[in-house]
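[1] build me a model from this:
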Amino acid sequence: QVQLVESGGGLVQAGGSLRLSCAASGRALSSYAMGWFRQAPGKEREFVATINWSGSITYYKDDVKGRFTISRDNAKNTVFLSMNSLKPEDTAVYYCAAKLTYATYPSRGKESYDYWGQGTQVTVSS
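    Residues are numbered from 1 along each chain as shown. Modelled structure (predicted):
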């Protein structure tokens, strides 16, 4: 069992930056692919970024490429999402998720993930 706790959300002006963290407990994250997803009011939860167990492969939603960076520190059991040039349309609750796998290519599908955090709110004002 893995427990995930997100932090780092908040209110920021358009063009600003935030760094989200996802701290894991219960199991070592080094065996897990990790993903970030987000859900805006009235919308479905959507994929944002994912990273494989070693950190060698990452994927991003098209409209965050070049602005967001997913990374991990397995020694600290933590995954990060650095978000730059934020836009009002990035406003959402951001969730991290974990999938037990040593697969080289991580999944972009939310249904593939086994464990979820409680989410952290990101609000970008215009």
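
[2] pretty sure Glu111 is in a strand, no?
    No. With DSSP: H, G, I helix; E, B strand; the rest coil as the criterion, Glu111 is helix rather than part of a strand.

[3] burial of it, as a residue count?
    By the measure other CB atoms under 10 Å, the count of residues near Glu111 is 5. (Glycine included, C-beta is placed from N, CA and C.)

[4] swap in Cys22?
    So Cys22, with other CB under 10 Å, has 27 neighbours.

[5] check the offset of stretch 77-95 from the chain's centre.
    Relative to its chain's centre, stretch 77-95 lies at 7 Å (CA atoms, centre = their mean, to the nearest Å).

[6] no, scratch that, I was asking about stretch 112-126
    7 Å.

[7] ok, the residue nearest to Gly55 when sequence neighbours are not counted - contacts?
    Nearest residue to Gly55, sequence neighbours excluded (CB to CB, 6 or more residues apart in numbering): Arg72, at 5.1 Å. Arg72 sits next to Leu29, Met34, Ile51, Gly55, Thr78, Val79, Phe80 when contact means CB atoms under 8 Å, 6 or more residues apart in numbering.

[8] Arg72 bridge partners, please.
    Val79 (DSSP bridges).

[9] and the spatially most central residue of the chain, helix, strand or coil?
    For the chain, the residue sitting closest to the mean C-alpha position, by CA atoms, centre = their mean, is Trp36 at 2.3 Å. What three-state DSSP gives for Trp36 is strand.
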